[in-house]
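Novice: Build me a structure from this.
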Amino acid sequence: DFVLVKVDKIAEETEGGIILSKSAKKKATAGEVTAVGPGRTHQDTGIQIPMPFTVGEKVQFGEFDGTEINIDGDAYTLLRDNDVLVKYTGELTIDSVQVTGDAMLILPVTEEETAGGLLIAATAKKANKPSTGTVAKIGPGKMVGTGDILPMDIEEGDMVKYRDFAGTTIKIEDEEYSVVKYTDCLAKF
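Specialist: Numbering: from 1, shown residues only. Sure thing, here's the model as predicted:
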């Protein structure tokens with residue numbers, strides 16, 4: 001159930017030409033799939049669950065996911081299939097991105113003011129991660145013990161409420177999305 005990803009190069013300087021120090025550089029969390037394992041075996045039935053990735057696809061993963069390794073001077077990360085947030089081909093756009101398994105890509109709704117009409121400061125918004133949003137993409141669903149896919153009863157465009165602090169934030173085309181597991185979804189409306 002592992003996938004080997006050649007990690008994208010880290011930006012060495014800003015767009016304005018300022019050279020970044022080692023501590024100022026952000027860890028790369030995207031790359032190209034270079035090898036794919038056979039998949040995982042279902043713990044109850046022994047059925048082989050195929051990997052949802054192919055060599056050459058690009059993936060994005062969490063900052064603390066996987067094991068970093070160095071092969072011939074290049075940075076790679078060894079990831080479990082469920083550590084991958086999204087996969088895509090070409091550039092990372094909302095049209096090219098796909099979520100896998102029972103995950104959803106959600107565009108969070110951030111509240112600018114309280115119910116009483118008070119404006120919320122930007123610093124206060126950072127402390128409260130949004131937990132409501134519009135579903136932009138959905139995965140195929142969770143694979144059950146028989147090898148069948150259990151579809152999700154959520155569609156693109158649905159508004160959902162999910163657990164506070166659930167999901168991982170990724171940036172696609174200057175918008176911040178959350179990748180949330182279906183089991184963390186509390187309601188749709």
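
Novice: So in terms of bridging, what pairs with Asp74?
Specialist: Ile71 (DSSP bridges).

Novice: Could you measure from it over to Thr134?
Specialist: Asp74 sits 38 Å away from Thr134, going by CB to CB, to the nearest Å. In short, each C-beta sits where N, CA and C put it, glycine included.

Novice: Check Lys142 too.
Specialist: Distance of Lys142 to Thr134, computed by CB to CB: 22 Å.

Novice: And Asp95, by the same measure?
Specialist: Remark: distance between Asp95 and Thr134 (CB to CB) = 16 Å.

Novice: Who has more neighbours out of those two?
Specialist: Higher neighbour count among Asp95 and Thr134: Thr134, with 15 against 10, using other CB atoms under 10 Å.

Novice: Which residue, neighbours along the chain excluded, lies closest to the more buried one?
Specialist: Leaving aside its chain neighbours, Thr134 sits nearest to Leu107 (4.9 Å; criterion: CB to CB, 6 or more residues apart in numbering).

Novice: same deal with Val5?
Specialist: Distances taken as CB to CB, 6+ apart put Gly31 closest to Val5, at 4.1 Å, once the chain neighbours are dropped.

Novice: List the contacts of the helix or strand harbouring the one you found.
Specialist: If you go by DSSP states H and E, Gly31 is part of strand 30-36. Outside strand 30-36, the residues that touch it by CB atoms under 8 Å, 6 or more residues apart in numbering are 3-8, 51, 53-61, 76-77, 87, 92.
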